[in-house]
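Engineer: What follows is a protein structure lacking sequence information:
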């Protein structure tokens, strides 16, 4: 924590120095437009390029922005001395007391926090700023130690200690909060898009019969969920598999887990898991398993076409699947597997898919 | 469980009897329009009136409906012998295999399940049908026993055993799943609308400093959350308090917890807690604490006006507050209390409000 605050104090010191030497203060941040984001082929994740934008107090808007920045630096320093943290929403309201520095909308405060992350190479969690915890959960034979509010370690087995609903992934999943102790006989980590399917695999005991660690990622997963997946994957060496609906929005969930997202390009290295694999449901599955399906909407079709030009999806596998989907003009939900009964997904579909992928 | 299935078999037997005696089969259900819902002044909850609608196979639509009903009865019986359960979404897909009985949309299957609840006086959970678990959570000194998937009891303290994110409220919270063992020195139950505020009270340790049981109800609470609140209130005898935003949508959250909702009028007696009290944020609070506020939208205004004619809000307290809100033309979020810093809500606002209400 100390060093994140030190970095922020550095920013304040620069502004102070500029002011005291009679210069108009300014602050440079990497340009955050689409043009300045590159897909790094080596590390397989999104990153910012080299172009920079300068915020200067020459203009009124820029001056206010620098004022807000200094207020914010002060607030973060204060929280850190008190071992407090604040939600992004609270931060927005905190600024009500800042007089001229008040934010006009939460977008502004969110964006400023991201700027500080980019400039300092720290994460908002290091500044004690966080989103609302979003309810992602894990159930399986994972034992971890959580450092609780009082700084005490609690050893928790995410199957035997927490009830059938699983262990909630907290907003802070860094080493100062969570350490992984043991993965039992687990063979893989399955990240699941919908709660209904997560509950199905839990009820059918797939975490036991196939020693799978089940994670409910709640649609497009929050940062902390992606970070948790990455850390668990690295600590365990287990394959990370994505189990989602068969539509372009779900493929994007996969790609943000595997390769990162444009909005968080500055922290791809700690969020993304390039070795993550897509388990299904695939367009081929729609045909092979004769799944109930809906027609693609115009929005679906244009999203699929844009995926065809996305560097994250340039493999032959994805090209074939996307082209097939456009051809059959169909999409399916993962819960559509229930057509063949409640056990089909755990007795037939997943075992077949895992075998195909040489897992377990 | 046996008796819910017995009730369903009774319905099937009636249809069979009608068919075998040469009658056109039919089934009567209480009319579910707004006109047939009455506010029961004695029990203070919404209930259905006496008018009935008859589904008859005289018309093709009605015949399909009866066919679907019998398929569904069969499916529920099968699940119950296998100790399985199904989400509402899965049920919709299950019907894909029913040939002529297929549902056209999930609305249809959801509604049929509600009809069966009304006719049999059981709950969908008794039929092993359930929604996706929604992520509501509890944190505080409550010890409960959960019967897990394997039928084994797990004693869980919702503060010391589950980590800082709390215990997830499962979709089934009946006595066969959850029993309450102990409430420590707890003085009240606070049901909180937003995750940000729940996290705030947890971080500030309000569950310890004020011995409050904190429940994150996730906006308009799911059935299981309302049932959990009612059961916990009854088992503990502790006052149940609602802590929400100050806007008409939040007052509706309060009223559905306290008095029930129109959609679930047939099970108000097991969901509603008429003694639940509204803690805030109130329109008076907006003035007294000079909270950051937004103007009411036209939708807010008409919702407030409709609340003025709602029997659940006819007390002088609510009348004054709603009229005041229309007059000042403002609404506030609970996180707006952060204007005075992160500790204001737990050091000042809540203690003052609880004192006012003679609690703790």
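Structural biologist: Happy to help now that I have it. Not measured: the values here are computed from a predicted model.

Engineer: and the stretch 51-200 of chain A, which residues reach chain B?
Structural biologist: The stretch 51-200 of chain A has residues A:79, A:84-87, A:89-91, A:93-94, A:96-97, A:132-135, A:137, A:146, A:148-149, A:154, A:156, A:160-171, A:194-196, A:199-200 near chain B, with proximity defined as CB under 8 Å from any CB of the partner chain. Where C-beta positions appear, they are placed from N, C-alpha and C, glycine not excepted.

Engineer: now, which of the residues you listed lie within strands?
Structural biologist: A:86-87, A:137, A:146, A:154, A:156, A:167-168 (DSSP state E).

Engineer: Drop anything exposed from those.
Structural biologist: A:86-87, A:137, A:146, A:154, A:156, A:167-168 (16 or more other CB atoms under 10 Å in any protein chain shown).

Engineer: Tell me which two of those sit farthest apart.
Structural biologist: Longest distance between any two of these is 25.7 Å, between A:86 and A:156; criterion CB to CB.

Engineer: follow-up on the earlier one: among the residues of the stretch 51-200 of chain A next to chain B, name the ones in helices.
Structural biologist: In helices, defined here by DSSP state H, the members of those are A:79, A:89-91, A:93-94, A:195-196, A:199-200.

Engineer: In contact with the closest residue to residue A:128 other than its chain neighbours, which residues?
Structural biologist: Once flanking residues are discounted, residue A:128 sits nearest to residue A:85: 4.1 Å by CB to CB, 6 or more residues apart in numbering or on different chains. With contact set as CB atoms under 8 Å, 6 or more residues apart in numbering or on different chains, residue A:85 has these partners: A:79, A:128-130, A:172, B:203.

Engineer: Using a markdown table, please lay out the residues you listed together with distance to residue A:247, neighbour count and pLDDT.
Structural biologist: Output for these, formatted as a markdown table (distance: CB to CB, whole Å; neighbours: other CB atoms under 10 Å in any protein chain shown; pLDDT from 0 to 100):
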| residue | distance to residue A:247 | neighbour count | pLDDT |
| --- | --- | --- | --- |
| A:79 | 41 | 20 | 89 |
| A:128 | 37 | 23 | 88 |
| A:129 | 33 | 24 | 91 |
| A:130 | 30 | 24 | 87 |
| A:172 | 32 | 20 | 88 |
| B:203 | 38 | 18 | 92 |
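
Engineer: so which of the residues you listed comes closest to residue A:346?
Structural biologist: Nearest to residue A:346 among the contacts of residue A:85, with distances taken as CB to CB, is residue A:172, at 32.8 Å.

Engineer: which one is the closest one nearest to, not counting chain neighbours?
Structural biologist: Closest to residue A:172 by CB to CB, 6+ apart is residue A:125, at 5.2 Å.

Engineer: So the one you found sits against residue A:176, correct?
Structural biologist: No - assessed by CB atoms under 8 Å, residue A:125 is found out of contact with residue A:176, at 9.4 Å.

Engineer: Now do the buried residues in stretch A:60-78.
Structural biologist: Within stretch A:60-78, the residues that count as buried by 16+ other CB under 10 Å are A:62-73, A:75-77.

Engineer: Now do the same contact list for the residue sitting nearest the centre point of chain A.
Structural biologist: Chain A has residue A:223 as the residue nearest its centroid, 3.0 Å off, counting by CA atoms, centre = their mean. Contacts of residue A:223 were listed using CB under 8 Å, 6+ apart, and they are A:131, A:264, A:267, A:271.

Engineer: which residues sit against stretch A:231-242?
Structural biologist: A:138, A:142, A:173, A:178, A:180, A:183, A:186-191, A:193, A:213, A:229, A:253-254, A:257-258, A:273, A:275-279, A:357, A:359.

Engineer: near chain B, which residues of the stretch 251-360 of chain A?
Structural biologist: For the stretch 251-360 of chain A, the residues found near chain B under the criterion CB under 8 Å from any CB are A:292, A:333, A:335-342.

Engineer: Tell me how many other residues surround residue A:50.
Structural biologist: Using other CB atoms under 10 Å in any protein chain shown, the number of residues around residue A:50 comes to 8.

Engineer: wait, residue A:126
Structural biologist: 22.

Engineer: ok but it is inside a strand, no?
Structural biologist: No - Residue A:126 is assigned helix when assessed by DSSP: H, G, I helix; E, B strand; the rest coil, not a strand.

Engineer: Quick one, grab the pLDDT at residue A:100.
Structural biologist: pLDDT for residue A:100: 84.

Engineer: Could you say which helix or strand holds the closest residue to it other than its chain neighbours?
Structural biologist: What sits nearest to residue A:100 in space, not counting adjacent residues and going by CB to CB, 6+ apart, is residue A:67, at 6.2 Å. Here residue A:67, judged by DSSP states H and E, is contained in helix A:60-81.

Engineer: what helices or strands is that helix leaning on?
Structural biologist: Judged by 3 or more CB pairs under 8 Å, 6 or more residues apart in numbering or on different chains; DSSP states H and E, the packing partners of helix A:60-81 are helix A:2-20, strand A:26-30, strand A:52-56, helix A:88-94, helix A:106-120.

Engineer: isn't residue A:112 right next to residue A:68, touching?
Structural biologist: Yes - here residue A:112 reaches residue A:68: they are 6.4 Å apart, a contact under CB under 8 Å.

Engineer: So the residue nearest to residue A:246 when sequence neighbours are not counted versus residue B:40, what's the distance?
Structural biologist: Leaving aside its sequence neighbours, residue A:246 sits nearest to residue A:281 (CB to CB, 6+ apart; 4.0 Å). According to CB to CB, to the nearest Å, residue A:281 and residue B:40 sit 47 Å apart.

Engineer: before we move on, what about residue A:290?
Structural biologist: Residue A:290 is 50 Å from residue B:40, by CB to CB.

Engineer: Next up, the contacts around the residue lying closest to residue A:303 once chain neighbours are set aside.
Structural biologist: Nearest in space to residue A:303, with sequence neighbours left out and distances taken as CB to CB, 6+ apart, is residue A:248 at 3.7 Å. Applying CB under 8 Å, 6+ apart to residue A:248 gives the contacts A:300, A:303-304, A:307.
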